[in-house]
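In: Fold the following.
(chains A and B, ligands or ions: 1)
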Amino acid sequence: MPISINPTLMREIIMDHYNSPTNKETPEDSENYFHIRMDSTSCIDDITIYLKLNNNIIEDIKFDGVGCTISTSSTDIMCDLVKGKTKEEAFKIIENYLNMIYEKPYDEEALDEAIVFQNTHKQAARIKCATIGWNGLTKLLNGEKDED
Amino acid sequence: MFDVYKIRKDFPMLNNKTQQGHPLVYLDNAATTFKPYKVIEACNNYYLNENANAHRGDYDLAYKVDFNIDKVRQTVANFINAKKEEIVFTSGTSMSINLIAFGYGMKYLTKDDEILLTEAEHASNVLPWFKVKEHTGCKINYIPLDKDGRLSIDGLKKVINEHTKIVAIAQISNVLAYLVDIKEISKICHEHGALLMVDGAQSVPHIKIDVKDLDCDFLSFSGHKLCGPTGIGVLYGKYNLLKLTDPFMTGGGNNARFDMCGNVAFLQPPEKFEAGTLNIEGIYGLGAAIEYLENIGMENIEKYEKELRNYAISKLKTLQNLIIYNEFAEGSIITINVKDVFAQDEASYLNSKGICVRSGEHCAKILHDFLKTVATVRISFSFYNTKEEIDILYEALKNGGDFLDAYFN
Ligand SMILES: Cc1ncc(COP(=O)(O)O)c(C=O)c1O
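Out: Below you'll find the predicted structure:
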């Protein structure tokens, strides 16, 4: 995705992933997934991430809960990006994404649609929304999970 | 004469502050308020000129601190028409309510007793009572609200009974801001042998309070919501009830004498509840804040805020894209949503226009049941807000559907 992607298109991508997210559902066979609830203390976002691993491969990833436009769309895009990837590849994508959010050098190529969140630093209060799903996935990949 | 432009000069936060390149418009006063120079100076005065500990007065400086704390206690007492001995310094509303829950509720309630709340209460007036239930086995019941979410006297009469020991409610709730008729409610509570604990966090900063007239048993409020510092608040209690209440914390400053065999004689209220070194700077600031409000006059504040709210309602009502949840509330809060925009996104958009409002569930469960939404945007005024600021809000909300602007400009 080129850097010249315009704001109108970015908006559309965000709104599309908010209004019709493809990964937002609780899996029917949720017992085959690890999950973690990311309940923001400072805002309304309350999202649970479901991760299904096949050895080292992310076989499936979903999320469900209540979230604003930014948290919902950023998590949905994240799911698209890491599905089918190895854990190491996923970590690399996450690292790039967080670098972008925190205004450090990052590899645009690796982020695809997720670059629509490159302006998040201008609305600092929304950084938590743009990272809630990503932080949840990091925890799951590191073996942290809810037991219930 | 109430002159809002003159008043604004008293507040450093109201002079030439910007946010996202726009003049700062602060409409989150229900969360906390700005402080006038007088309050900041009073806090500073403690550190600059009088920095000694309280209750340790062997020298002039310490005597001065004791004297000033006592003076502020009297100022607070006069402010709500209580006696000085009935004013306990706490860290804020949450601590005041916890003090009553742990010090009174835990001590006296049994499994046959009942506590009455409403579903519109702030978490700070719900969770402490859950703790009391957990420890004593007592029941918690809710006073039904009417279709608008208002606490009604009829609702109370329906559920109060001889097992009800404590009724804990906000005088003005923090989401819908309806004013509750505390005087009538305390009468009904007392007829049934129950005590009434009033959460005054959202009412004391906005209307004249007379605890004698209201006849409530306890009243809790926070300094930071009435132009005072953070970390200081008040618990008022009728003196005989404070005597019956256990201290929530023990330690230095609340014991008269004790020996190592475990014999302790506690001080009398209010000192009995004030173990440990107090937030002395906060007390100085609280005193200055109350003097500041009284100088303007609570009646003037109430009248002006009402005018401001009416003005805001009349303007916001013309916007077709807006849902207003509490048009007829008495408090200085307007709770809204922009149609089809998630509350947090709307608040972000307003931020990009320099406007501070709060989105959220506001710690109150009522939203789900009465408002049929998971979140709202809360606009809350103080007496230092202006009609011009409401015009700025109105203009922003007019285009409020375009909330991703905040992201791309
Ligand atoms: C109605 C109500 N009760 C209690 C509180 C808690 O106040 P504090 O955080 O100062 O303890 C608040 C503050 O938001 C409130 O609005």
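In: contacts and neighbour counts: CA atoms only from here.
Out: OK.
In: Against B:Ser152, how distant is B:Asp217?
Out: 20 Å (CA to CA, to the nearest Å).
In: got it, and B:Gln268?
Out: 37 Å.
In: before we move on, what about B:Glu114?
Out: Taking CA to CA, one finds B:Glu114 at 19 Å from B:Ser152.
In: The two: which is more packed in?
Out: B:Glu114 (23 against 16; other CA atoms under 10 Å in any protein chain shown).
In: got the phi/psi numbers for that one?
Out: Backbone torsions of B:Glu114, given as degrees, to the nearest 10, read phi -140, psi 140.
In: so it touches B:Gly137, yeah?
Out: No: B:Glu114 is not in contact with B:Gly137 according to CA atoms under 8 Å; the separation is 9.4 Å.
In: And the helices in the stretch 301-409 of chain B, which stretches?
Out: For the stretch 301-409 of chain B, the helices defined by DSSP state H, counting those that start in this stretch cover B:343-352, B:366, B:387-398, B:405-408.
In: try chain A
Out: Ranges of helices in chain A, per DSSP state H, are A:7-19, A:69-82, A:87-101, A:127-141.
In: what sits up against stretch B:78-98?
Out: If you take CA atoms under 8 Å, 6 or more residues apart in numbering or on different chains as the criterion, stretch B:78-98 is touched by B:73-74, B:76-77, B:124-125, B:128, B:199-201, B:208-212, B:220-223, B:230-239, B:242, B:269-271, B:273-274, B:279, B:283, B:290, B:294.
In: Spell out which residues of the stretch 201-350 of chain B are next to the ligand.
Out: Residues of the stretch 201-350 of chain B lying near the ligand by CA under 6 Å from any ligand atom: B:201-202, B:222.
In: Tell me, how many residues neighbour the closest residue to A:Asp46 other than its chain neighbours?
Out: Among residues not flanking A:Asp46 along the chain, A:Asp39 sits closest, at 4.2 Å (CA to CA, 6 or more residues apart in numbering or on different chains). Residues near A:Asp39, counting by other CA under 10 Å, number 17.
In: could you list every residue that touches A:Asp39?
Out: A:45-47.
In: can you count the residues close to residue 28?
Out: Chain wasn't specified; assuming chain A. A:Glu28 has 8 nearby residues by other CA under 10 Å.
In: The intended chain is chain B.
Out: B:Asp28, neighbours per other CA under 10 Å, totals 20.
In: hang on, the earlier thing: and the contacts of A:Asp39, which is closest to chain B?
Out: Among the contacts of A:Asp39, A:Asp45 lies closest to chain B (CA to the nearest CA), at 9.0 Å.
In: pretty sure that closest one is in contact with A:Ala130, am I right?
Out: No: applying CA under 8 Å as the test, A:Asp45 and A:Ala130 come out as separate, 10.5 Å apart.
In: lowest-confidence helix or strand of chain B?
Out: Sorting the helices and strands of chain B by mean pLDDT, DSSP states H and E puts helix B:366 at the bottom, at a mean of 61.
In: For B:Gln20, which residues are in contact?
Out: With the criterion set at CA under 8 Å, 6+ apart, B:Gln20 makes contact with B:351-354.
In: Mind doing that once more with 6 Å?
Out: B:Gln20 makes contact with B:352, B:354, according to CA atoms under 6 Å, 6 or more residues apart in numbering or on different chains.
In: So what would you say the end-to-end distance of stretch B:210-227 is?
Out: 20 Å.
In: contact partners of it?
Out: Residues from elsewhere that reach stretch B:210-227, judged by CA under 6 Å, 6+ apart: B:32-35, B:80-81, B:92-93, B:96, B:182-183, B:186, B:196-201, B:205, B:229-230, B:232-238, B:286, B:289.
In: what's the nearest residue to B:Arg150 if we skip its chain neighbours?
Out: B:Tyr178 is the one closest to B:Arg150 (CA to CA, 6+ apart), at 6.3 Å.
In: And the pLDDT at residue 28?
Out: Picked chain A for this. Looking at A:Glu28, its pLDDT reads 95.
In: wrong one, chain B
Out: For B:Asp28, pLDDT reads 98.
In: partner residues bridging it?
Out: Beta-bridge partners of B:Asp28, counted by DSSP bridges, are B:Ser380.
In: Run through the residues that contact it.
Out: Residues in contact with B:Asp28, defined by CA under 6 Å, 6+ apart, are B:356-357, B:380.
In: Of the residues of the stretch 201-350 of chain B next to the ligand, which is the nearest to B:Asn53?
Out: Closest approach to B:Asn53 among those (CA to CA): B:Ser222, at 22.8 Å.
In: Could you pull up phi and psi at that closest one?
Out: According to degrees, to the nearest 10, B:Ser222 has phi -110, psi 140.
In: and it, how many residues sit next to it?
Out: 31.
In: B:Leu286 versus that one, what's the distance?
Out: 9 Å.
In: Would you point out which residue of the stretch 101-250 of chain B is nearest chain A?
Out: B:Ala123 (13.5 Å).
In: Tell me, what's the model's pLDDT at that residue?
Out: 91.
In: any idea how far B:Val167 is from B:Thr118?
Out: Distance from B:Val167 to B:Thr118, by CA to CA: 9 Å.
In: remind me which residues of chain B are low pLDDT?
Out: Across chain B, the ranges flagged by pLDDT under 70 are B:56-57, B:255-263, B:362-368, B:401, B:409.
In: Also chain A?
Out: Low-confidence segments of chain A (pLDDT under 70): A:1-4, A:41-42.
In: which parts of it sit against chain B?
Out: A:44, A:68 (CA under 6 Å from any CA of the partner chain).
In: can you do 7 Å?
Out: Contact residues (CA under 7 Å from any CA of the partner chain) of chain A with chain B: A:7, A:11, A:43-44, A:68-69, A:119-120, A:123.
In: So which of those residues is the closest to the ligand?
Out: A:Cys43 (14.2 Å; CA to the nearest ligand atom).
In: Quick one: neighbours of B:Gly103, just the number.
Out: Count around B:Gly103 with other CA under 10 Å applied: 20.
In: Noted, bye for now.
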